[in-house]
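Novice: pasting the structure only:
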């Protein structure tokens with residue numbers, strides 16, 4: 001499977017970049033101003049990204065969130081990432097979604113509850 005971020009991202013689509021990341025508009029935005037932060041090197045999961053590069057990602061998320069809030073008069077930003085099962089064939093990326101108090105974002109979400117062994121998780125910590 002061909003990675004869309006490695007092979008189909010055009011230079012003119014890049015809004016901002018750092019040493020390790022590119023920022024683009026989401027092509028199917030949840031909300032106006034929906035951004036994607038995409039690593040320049042292909043990683044499938046967050047855990048594959050070297051620690052120092054993850055720090056850069058965190059700083060970039062804060063920088064972009066501040067810019068979105070300062071320029072678009074929004075109430076906040078939801079940050080989300082999907083890896084493994086949810087984005088097969090693409091590499092790890094982060095969504096920054098502008099939010100408004102009455103946007104109904106969470107109102108549309110309905111998840112089937114699955115029983116998980118939380119004790120096993122706590123032991124792993």
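Specialist: Arrived safely. These numbers were taken from a predicted model, which means no experiment stands behind them.
Novice: Once you drop chain neighbours, what's closest to residue 5?
Specialist: residue 38 (4.9 Å; Cβ to Cβ, 6 or more residues apart in numbering). Yep, even glycine has a C-beta here, placed from its N, CA and C like the rest.
Novice: would the one you found count as being in a strand?
Specialist: Yes - under DSSP: H, G, I helix; E, B strand; the rest coil, residue 38 sits within a strand.
Novice: Okay, and the beta partners of the most centrally placed residue in the chain?
Specialist: The geometric centre of the chain, computed from its C-alpha atoms, lies nearest to residue 94 (Cα atoms, centre = their mean), at 1.3 Å. Applying DSSP bridges to residue 94 yields these beta-bridge partners: residue 37, residue 81.
Novice: How much space separates it from residue 75?
Specialist: In this structure, residue 94 lies at 20 Å from residue 75, with Cβ to Cβ, to the nearest Å as the measure.
Novice: Repeat that for residue 40.
Specialist: 31 Å.
Novice: For those two, indicate the residue with more neighbours.
Specialist: Shown here are residue 40 and residue 75; by other Cβ atoms under 10 Å, residue 40 has more neighbours (16 against 11).
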